[in-house]
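**Q** With the sequence up front, the predicted model follows.
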Amino acid sequence: MFELMRNMRVDTSEVCLNTFSEYEKPYVDSLASLRGNIDVTSVSPLSTQFEPQLFSPNARVRTDAELIFKKICYACNVFGARFYTFRGPINLTGETEFDYMRLSQRYAQLANIAAQYGVLLSLKNMSWSYAATPAFFKRMLEECPRLFATFDMYQAESAGYDLREYLDVCPPQRVSLVEVSDVGKEKWCLPGKGKYRFDRLFSALERRKITAPVLISARSDCYSDFLQVRDSFEYLIAEYRSVTT
């Protein structure tokens, strides 16, 4: 994949690790050796495997989850990634009231662990998590000044919000990553294949002075070959240039 991105003239990416064996040092070290000149801005694990347990009231459960959390922090360090893309607790019951003080204390503890690896914690707006709404981000970013934010267009829309509503509540310098896709005929697709106005998004980022990377985040059923992904990437570059030049 790193070689494929180089051939597409892509210079920035996120690394997604998907299972426990991929969190182990031999795999991480081997994969990182292939990175070359690709700038890895963040590392993202399959969070539901262990991140909810980081907030368990059971100390033994938390400790076991922290062992995996530290492996992801190590991976971030090896890849030269500044950020760990974090999801946290799952909101199975649709709760709308949270103990922000307790949560912020735990986020601060995890941020301290990540800092030992030279890594910053960036919370992602997953529609099934506590961090599903702009209101949650506004409060949590106030309570935990060391926390950053990753905003995903698909997850925003799934939660019933426009991506720009999250940008409105986050200090510009604390947005670490913006992930985009597109939607057309009620089906998600690659950017440029749907109806989303990316010129408006890039204008919004410029107006808010947000300089975080914008990455394509598309499921594999959105394309049949990587040439389509390359075309989408070039479409986004053209949209960005139309706004900024």
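**A** Received the coordinates, thanks. Source: prediction; values computed, not measured.

**Q** What is the least confident helix or strand in this structure?
**A** strand 182-184 (a mean of 87; mean pLDDT, DSSP states H and E).

**Q** next structured bit after that one?
**A** Using DSSP states H and E, the helix or strand that follows strand 182-184 towards the C-terminus is strand 187-189.

**Q** buried set for that next one?
**A** 188-189 (16 or more other Cβ atoms under 10 Å). In this view, the C-beta of every residue, glycine as well, is placed from N, C-alpha and C.

**Q** same deal with stretch 215-234?
**A** 215-218, 222-223, 228-233.

**Q** Dump these into JSON lines; add secondary structure, distance to residue 158 and pLDDT as well.
**A** Formatted as JSON lines, the buried residues of stretch 215-234 follow (DSSP: H, G, I helix; E, B strand; the rest coil; distance: Cβ to Cβ, whole Å; pLDDT from 0 to 100):
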{"residue": "215", "secondary structure": "strand", "distance to residue 158": "18", "pLDDT": "97"}
{"residue": "216", "secondary structure": "strand", "distance to residue 158": "17", "pLDDT": "96"}
{"residue": "217", "secondary structure": "coil", "distance to residue 158": "12", "pLDDT": "93"}
{"residue": "218", "secondary structure": "coil", "distance to residue 158": "14", "pLDDT": "84"}
{"residue": "222", "secondary structure": "helix", "distance to residue 158": "15", "pLDDT": "91"}
{"residue": "223", "secondary structure": "coil", "distance to residue 158": "20", "pLDDT": "92"}
{"residue": "228", "secondary structure": "helix", "distance to residue 158": "23", "pLDDT": "95"}
{"residue": "229", "secondary structure": "helix", "distance to residue 158": "22", "pLDDT": "94"}
{"residue": "230", "secondary structure": "helix", "distance to residue 158": "26", "pLDDT": "94"}
{"residue": "231", "secondary structure": "helix", "distance to residue 158": "25", "pLDDT": "95"}
{"residue": "232", "secondary structure": "helix", "distance to residue 158": "20", "pLDDT": "96"}
{"residue": "233", "secondary structure": "helix", "distance to residue 158": "23", "pLDDT": "95"}
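
**Q** ok, residue 112 - how many residues close by?
**A** Neighbours of residue 112 under the rule other Cβ atoms under 10 Å: 11.

**Q** before we move on, the earlier item: take the buried residues of stretch 215-234 and write them to JSON lines, including distance to residue 56.
**A** Output for the buried residues of stretch 215-234, formatted as JSON lines (distance: Cβ to Cβ, whole Å):
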{"residue": "215", "distance to residue 56": "31"}
{"residue": "216", "distance to residue 56": "34"}
{"residue": "217", "distance to residue 56": "29"}
{"residue": "218", "distance to residue 56": "33"}
{"residue": "222", "distance to residue 56": "35"}
{"residue": "223", "distance to residue 56": "38"}
{"residue": "228", "distance to residue 56": "42"}
{"residue": "229", "distance to residue 56": "38"}
{"residue": "230", "distance to residue 56": "43"}
{"residue": "231", "distance to residue 56": "45"}
{"residue": "232", "distance to residue 56": "40"}
{"residue": "233", "distance to residue 56": "40"}
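
**Q** And these, which is closest to residue 130?
**A** residue 217 (20.4 Å; Cβ to Cβ).

**Q** Show me what whichever helix in the chain runs longest is in contact with.
**A** Among the segments of the chain that qualify as a helix by DSSP state H, the longest is helix 59-79. For helix 59-79, the external contacting residues (Cβ atoms under 8 Å, 6 or more residues apart in numbering) are 15, 17, 20, 23-25, 28-29, 32, 35, 40, 42-43, 45, 49-51, 53-56, 81-84, 110, 113-114, 116-119.
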